[in-house]
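Visitor: what's the 3D shape of this:
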Amino acid sequence: MKIAMKKKVPKDVYASCLLAGYVGAVLLHLPTDGLPAFGEYSRMLPEGLRLFATYVMAHHTYLNGEIWSAYGMGKAALFMAERSYPISMTYIHCMMAVCAINRKHKQEAQEEMLRSWELAKMDGFLEPFIEHHGLLRGLIEACIRNRDPEAYQRITKGVLSFSRGWMALHNPENRRKVTGELSTMEFSIAMLASGGWTNKEIGEHLGISINTVKHYLTDIFCKLNVKKRDELKKFMLK
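Guide: As a prediction, the model looks like this:
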């Protein structure tokens with residue numbers, strides 16, 4: 001991308017390089033300062049890549065706190081698509097599910113999650129669900145765990161590996177406790193609890209009883225050596 005910025009390369013090549021730059025920054029939650037605006041160049045990409053670019057920019061918008069703007073970007077892109085691009089569309093539906101569950105629109109979030117899963121499951125395309133597990137706030141447990149236990153186990157293994165690398169990069173102090181001691185289910189419940197969800201809301205969302213939620217939280221607090229939900233926030237990524 002830096003080379004393309006210095007040299008006169010064709011605009012479609014420049015657009016691809018710029019997309020790579022945004023992918024690297026946005027998906028690792030790093031600053032995008034210094035990157036040229038991407039909007040005008042996105043039109044020069046093939047439709048499938050343009051859809052993936054929409055996912056990346058929607059993710060960026062979400063991280064900036066503009067939740068429903070990010071959701072709308074995904075919805076508009078899917079509406080305008082002329083044909084199916086399963087990889088890009090899996091990521092877009094996944095991002096829309098992240099936006100909806102962030103605002104506790106559980107039914108809408110589950111619908112987007114299942115649309116994403118239907119596109120991905122035939123090819124065993126698990127990466128989007130592994131990468132977004134924390135942001136999905138229990139949707140994988142709510143939608144996939146009982147529907148496809150074998151796939152859920154594979155996602156779980158991927159999440160543990162991915163989370164260790166992510167925490168090493170962004171939160172090395174708490175890496176061992178969060179990724180080494182919490183199960184995937186416990187991690188989801190910890191994310192929900194630290195995000196202000198009540199035990200009743202967590203139970204209804206995950207399809208478990210309030211008492212089961214309490215037992216999970218007791219184990220989580222014990223493993224992380226915390227006494228209340230507010231203390232969870234220092235262990236869970238924003």
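
Visitor: Might you report the residue contacts of residue 106?
Guide: 100, 204-205 (Cβ atoms under 8 Å, 6 or more residues apart in numbering). Bear in mind the C-beta positions are built from the backbone N, C-alpha and C, glycine included.

Visitor: mind listing which of those are in helices?
Guide: Cross-referencing those against helices under DSSP state H gives 100, 204-205.

Visitor: Now tabulate those in a markdown table and tack on neighbour count.
Guide: As requested, these are exported to a markdown table (neighbours: other Cβ atoms under 10 Å):
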| residue | neighbour count |
| --- | --- |
| 100 | 22 |
| 204 | 16 |
| 205 | 23 |
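
Visitor: Flag the shaky bits of this structure, pLDDT-wise.
Guide: Where the chain drops to pLDDT under 70, the residues are 171-180, 237-238.

Visitor: 80 instead, please
Guide: Along the chain, the model assigns pLDDT under 80 to residues 1-2, 5, 164, 166-180, 233-238.

Visitor: I'd say residue 32 and residue 25 touch.
Guide: Yes - taking Cβ atoms under 8 Å as the definition, residue 32 is a contact partner of residue 25 at 4.8 Å.

Visitor: Leaving out the residues flanking it, which one is nearest to residue 54?
Guide: Computed as Cβ to Cβ, 6 or more residues apart in numbering, the closest residue to residue 54 that is not its neighbour in sequence is residue 77, at 4.0 Å.

Visitor: what separates that neighbour from residue 96, distance-wise?
Guide: 10 Å (Cβ to Cβ, to the nearest Å).

Visitor: so what's residue 78 closest to, chain neighbours aside?
Guide: residue 92 (6.0 Å).

Visitor: Export the ones in helices among the contacts of residue 106 to CSV and append columns for distance to residue 158.
Guide: Putting those into CSV (distance: Cβ to Cβ, whole Å) gives the following:
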residue, distance to residue 158
100, 23
204, 27
205, 22
